[in-house]
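J.: sequence unavailable; structure follows:
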Ligand SMILES: Nc1ncnc2c1ncn2[C@@H]1O[C@H](COP(=O)(O)OS(=O)(=O)O)[C@@H](OP(=O)(O)O)[C@H]1O
Ligand SMILES: [Mg+2]
Ligand SMILES: [Mg+2]
Ligand SMILES: [Mg+2]
């Protein structure tokens with residue numbers, strides 16, 4: 001019998017690799033081009049939009065009923081002032097999708113990006129029989145490959161480029177895709193085009209893909225090879241000999257609090273600063289030990305696409321992932337985590353000790 005989620009796993013890997021190619025093409029050929037600054041002041045590039053169109057088009061083809069929670073939408077891509085950007089995005093997406101038989105029109109492109117507007121939440125998969133599908137209007141039915149006996153719906157989440165700032169700098173970024181069912185991440189796939197395949201050989205081949213299915217372990221492979229290798233978190237026994245990983249931007253995770261937590265744990269090594277969920281990948285393959293994401297403002301709510309695939313990867317590699325209060329990340333609420341604050345991801349054996357240092361430092365902040 002095929003392993004659970006075997007088809008989803010294979011399609012998700014393909015989608016992430018294709019989206020990673022778009023990002024690489026943008027970086028090498030176009031040197032990124034125009035960047036839109038969104039309402040929250042964060043940047044989005046033609047690569048973010050094209051990567052989202054590519055992943056969503058591939059997912060819709062194979063899992064037409066599965067809703068998607070994706071970071072980007074087309075608000076800033078419609079209208080005359082965005083014409084040039086829109087046509088670049090279309091060209092990039094079609095370049096990758098054409099060999100698979102897709103030729104998106106502008107309208108289909110925008111539609112595919114906006115497939116990511118689903119509200120999220122705790123809904124499980126429901127199954128639709130062929131008989132039920134045949135009762136739907138033709139436009140809805142035309143999404144489906146003919147004679148599909150069962151179509152399932154689930155809830156994917158996509159960050160087409162996590163670490164857009166890293167992408168713009170030529171540093172780390174990741175295409176992150178996950179499948180969430182009943183509020184639990186079941187599958188996570190991440191493509192990290194700029195991450196060395198072996199952390200022991202940082203100047204060697206770059207382009208590393210990570211994949212985890214719940215209860216099936218965590219794996220990595222090079223973009224250029226389909227051979228997967230099982231990965232696991234480090235065997236560090238005590239936090240004082242640990243290395244920690246944090247965001248490059250102090251506005252995304254407090255560097256000051258992290259330094260105080262490190263001091264409290266007796267950590268002397270400098271932190272590794274890295275953009276994107278490549279931090280989770282780094283912990284999952286034991287190249288660093290602790291990922292701290294420490295809130296900088298009470299208002300900011302973490303987004304599910306920034307953590308879904310990475311958190312599963314770390315837990316499947318033998319780690320523990322909670323928020324700064326020791327609560328599990330709650331994927332049942334919607335597009336964000338209103339009931340969680342920050343992230344603490346470590347090998348299981350040191351999590352309690354790290355968490356208590358995190359709590360102590362954050363409690364000091366409240367007292368000050
Ligand atoms: N204020 C604040 N606090 C916490 N997180 C925030 C905040 N603002 C933005 N974001 C999200 O941070 C995502 C990138 O996180 P990183 O850890 O990669 O940041 S960094 O580039 O290393 O600094 C980034 O993801 P992308 O937009 O996909 O790059 C944002 O979703
Ligand atoms: Mg963004
Ligand atoms: Mg992100
Ligand atoms: Mg993003």
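T.: Received it, and whenever you're ready, just let me know what you need. None of these values were measured; they are calculated from a predicted model. Ligands and ions are numbered 1, 2, ... in the order given.
J.: now the strands for the stretch 101-250 of the chain?
T.: 127-129, 150-152, 155-162, 174-181, 184-196, 206-213, 218-222, 229-230, 244-246 (DSSP state E, counting those that start in this stretch).
J.: closest one to ligand 1 among these?
T.: Closest to ligand 1 of the strands of the stretch 101-250 of the chain is strand 155-162 (CB to the nearest ligand atom; 4.2 Å). Every C-beta, even on glycine, is put in place using the N, C-alpha and C of the backbone.
J.: for the record, mean pLDDT for the closest one?
T.: On average, the pLDDT along strand 155-162 is 96.
J.: check which helices and strands it sits against.
T.: helix 46-62, strand 68-70, strand 174-181 (3 or more CB pairs under 8 Å, 6 or more residues apart in numbering; DSSP states H and E).
J.: now find how far off-centre the following helix or strand past the second one is within its chain.
T.: By that I understand strand 68-70. Counting by DSSP states H and E, the next helix or strand C-terminal to strand 68-70 is helix 83-97. How far helix 83-97 lies from its chain's middle: 22 Å, per CA atoms, centre = their mean, to the nearest Å.
J.: need the contact partners of helix 83-97.
T.: Outside helix 83-97, the residues that touch it by CB atoms under 8 Å, 6 or more residues apart in numbering are 18-19, 21-22, 25-26, 30, 33-34, 36, 46-47, 49-50, 53-54, 57-58, 77-78, 102-104, 106, 109-110, 112.
J.: okay, the angle between that helix and helix 46-62?
T.: 50 degrees (axes from the mean of the first three to the mean of the last three CA atoms, to 10 degrees).
J.: and helix 83-97, what's buried?
T.: Within helix 83-97, the residues scored as buried using 16 or more other CB atoms under 10 Å are 85, 86, 88, 89, 90, 92, 93, 94, 96, 97.
J.: quick revisit: and the strands of the stretch 101-250 of the chain as TSV, adding mean neighbour count and distance to ligand 2?
T.: Compiled in TSV, these are given as follows (neighbours: other CB atoms under 10 Å; distance: least, CB to the ion, whole Å):
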stretch	mean neighbour count	distance to ligand 2
strand 127-129	13	33
strand 150-152	15	29
strand 155-162	29	7
strand 174-181	29	11
strand 184-196	25	16
strand 206-213	24	20
strand 218-222	21	24
strand 229-230	12	30
strand 244-246	25	18
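J.: ok, residue 341 - contacts?
T.: 295, 323, 324, 325.
J.: residue 7: which of these is nearest?
T.: For these, the closest approach to residue 7 (CB to CB) belongs to residue 323, at 32.1 Å.
J.: now do the buried residues in the lengthiest helix in the chain.
T.: As assigned by DSSP state H, the longest helix anywhere in the chain is helix 6-25. Buried residues in helix 6-25, counted by 16+ other CB under 10 Å: 8-9, 11-13, 15-24.
J.: how about the contacts made by residue 349?
T.: 236, 237.
J.: wasn't it part of a strand?
T.: No - Residue 349 is assigned helix when assessed by DSSP: H, G, I helix; E, B strand; the rest coil, not a strand.
J.: which strand residues bridge the residue nearest the centre of the chain?
T.: Closest residue to the average C-alpha location of the chain: residue 176 at 2.7 Å, with CA atoms, centre = their mean. Counting by DSSP bridges, residue 176 forms beta bridges with residue 159, residue 190.
J.: report pLDDT for residue 169.
T.: Value for residue 169, per-residue pLDDT: 89.
J.: thank you kindly, that will do.
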